[in-house]
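J.: Provided below are the primary sequence and the corresponding predicted coordinates.
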Amino acid sequence: MSRVYNFSAGPAVLPLEVLQNAQKELVDYKGCGMSVMEMSHRGKDYDAIHQEAIATFKELCGLNDDWSVCFIQGGASMQFAMIPMNFLGAGQSADYANQGTWSNKALKQAQMIGTVNVVANCQKDIPTRMPADGEFKWTAGAAYSHICTNETISGAELKKIPESGSPLIADMSSDILSCERDYSKFAMFYAGAQKNLGPSGMAVVAIRKELAEKGSTAIPTMLQYRTYVDENSLYNTPPTWGIYIFGEVMKWVKKMGKENLFKLNAEKAKKIYDVIDGSGFYRGTALKEYRSNMNVTWRLPTEELEAQFIKEATAAGMKSLKGHRSVGGIRASIYNAFPMEGVDCLVDFMKEFEKKNG
Ligand SMILES: *Cc1c(COP(=O)(O)O)cnc(C)c1O
């Protein structure tokens, strides 16, 4: 077996033991005589997988019975549309922070539905960053407010969750369950599964039941959050395989101990940022106080050197370090499942590369 160090921003590395266990259970799940992929979503075997996945996630996030956890296809991008369709009614407005590529996409979808107040704007700032605490200009009486806790492309993360004064909704696609966070501050949060939670194919959406109930009833059934809440995401056939792997990843997080995991995440990121800060060769893309612990972004003196860096790293078994096509540079995505050994390997490589080319 030869696994590389996979720095992909998503779909991203999964815990090896989860993959190996899934492989063991692939053709005959716990003596059922069939794969999870082949079983009815109405049967008791699948039901146990579904319930346990939700329960483990709720436990890890500290969510009580006021909350529902839903599996919705279409990824985080579908949430960009569903949120305003459900909650941005005629005569209302919603607050959106424009913090980077992803929050900008979210607010553009909302603008197709209704009135949007851009409450902070640092989308195009270089160095990349998040809005400072006092920079958000929240609107009294807004239907809801929307933020992105980690901008995956720019490598900037909100270290402190702001108080918005209206129901707070957050895109946490790339930093959910990666650090200590008070999830009870939110009315809803969601993540495309393929970064920190499991395979691609769905968003995991945590929503207060009370908020789901307030959603529009004038949109198709599959677009209403209440449908997922009322039917426990079993109104239609859910992405059963993805939910199974998601549940296995949640069990892995629980076994690791989330405090241990959060500490490891900070250590992993610090190792790379320390190399950047100790060098006149590498230059971090994000302002220091907003540096992401999940997506570490930096530049080299020239684009030619960046291309060479990526080429040599790939040859040394470190894949997908190329920054997003919209910004260039280097990006190391080091989500929960990314191993410390891979970070050590990268750090050694960075030092060597600077010595040879700096
Ligand atoms: C990847 C990503 C998305 C898009 O997710 P899809 O599941 O591909 O729609 C949205 N927001 C953030 C912060 C992301 O990192």
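T.: Done, it's in. Residues are numbered from 1 along each chain as shown.

J.: tell me which stretches of the protein form strands.
T.: 5-6, 67-72, 93-98, 115-121, 145-148, 150-151, 156-157, 168-171, 188-192, 203-208, 283-284, 295-299, 318-319, 330-333 (DSSP state E).

J.: run the chain-centre distance for stretch 38-47.
T.: Distance, stretch centre to chain centre, for stretch 38-47: 28 Å (CA atoms, centre = their mean, to the nearest Å).

J.: and that stretch, average pLDDT?
T.: For stretch 38-47, mean pLDDT rounds to 98.

J.: so which bits of stretch 114-122 are buried?
T.: Of the residues in stretch 114-122, those with enough neighbours to count as buried (16 or more other CB atoms under 10 Å) are 114-117, 119-122. Using the backbone N, CA and C atoms, a C-beta is placed for each residue, glycine as well.

J.: try stretch 38-48
T.: Buried positions in stretch 38-48, judged by neighbour count with 16+ other CB under 10 Å: 39, 41, 46.

J.: hmm, Tyr235 and the second one touching each other?
T.: No - judged on CB atoms under 8 Å, His41 makes no contact with Tyr235 at a distance of 10.6 Å.

J.: and for Ala22, the neighbour number?
T.: Counted with other CB atoms under 10 Å, the neighbours of Ala22 add up to 18.

J.: against Asn98, how distant is it?
T.: Using CB to CB, to the nearest Å, Ala22 is found at 39 Å from Asn98.

J.: so how far is stretch 118-137 from its chain's centroid?
T.: Once both centres are worked out by CA atoms, centre = their mean, stretch 118-137 turns out to sit 20 Å from its chain's centre.

J.: hmm, back to that, just say which of the strands of the chain is most tucked in.
T.: Highest mean neighbour count among the strands of the chain (mean count of other CB atoms under 10 Å): strand 150-151, with a mean of 30.

J.: that one pairs with which strands, and in what direction?
T.: Strands adjacent to strand 150-151 in the sheet, as given by DSSP bridges, are strand 156-157 (antiparallel).

J.: for the ligand, find the nearest of the strands of the chain.
T.: Using CB to the nearest ligand atom as the criterion, the shortest distance between the ligand and the strands of the chain is 2.6 Å, found for strand 188-192.

J.: so that closest one, near the ligand or not?
T.: Yes - Strand 188-192 comes into contact with the ligand (CB under 6 Å from any ligand atom), by way of Gly192.

J.: name the helices or strands packed onto that strand?
T.: helix 75-87, strand 168-171, strand 203-208 (3 or more CB pairs under 8 Å, 6 or more residues apart in numbering; DSSP states H and E).

J.: and for the residue of the stretch 1-150 of the chain found nearest the ligand, the neighbour number?
T.: Taking CB to the nearest ligand atom as the measure, the point where the stretch 1-150 of the chain comes nearest the ligand is Gly75, at 2.4 Å. Residues contacting Gly75 under the criterion other CB under 10 Å number 19.

J.: and the gap between Lys271 and the ligand?
T.: Going from Lys271 to the ligand by CB to the nearest ligand atom, to the nearest Å gives 22 Å.

J.: my guess is that residue contacts Met350. True?
T.: No - taking contacts as CB under 8 Å, Lys271 lies outside contact range of Met350: 9.8 Å.

J.: overlap in contacts, these two.
T.: Taking CB atoms under 8 Å, 6 or more residues apart in numbering as the contact criterion, Lys271 and Met350 have no common neighbours.

J.: more neighbours, these two?
T.: Met350 (23 against 17).

J.: residue contacts, the closest residue in space to the more buried one that isn't next to it in sequence?
T.: Taking CB to CB, 6 or more residues apart in numbering, and ignoring the residues beside it in sequence, Met350 has Val275 as its nearest neighbour in space, at 4.9 Å. Applying CB under 8 Å, 6+ apart to Val275 gives the contacts 282, 347, 350-351.

J.: what does the stretch 151-300 of the chain have sitting close to the ligand?
T.: So the stretch 151-300 of the chain meets the ligand at 152, 171, 173-174, 192 (CB under 6 Å from any ligand atom).

J.: now the lengthiest helix in the chain: buried residues?
T.: The residue-count maximum for a helix in the chain (DSSP state H) belongs to helix 258-277. When neighbours are counted by 16+ other CB under 10 Å, the buried residues of helix 258-277 are found to be 258, 261-262, 264-265, 268-269, 271-273, 275-276.

J.: what about Ala12, how many neighbours?
T.: Ala12 has 24 neighbours, counted by other CB under 10 Å.

J.: for it, what are phi and psi?
T.: Listed backbone geometry of Ala12 is phi -130, psi 180, with angles given as degrees, to the nearest 10.
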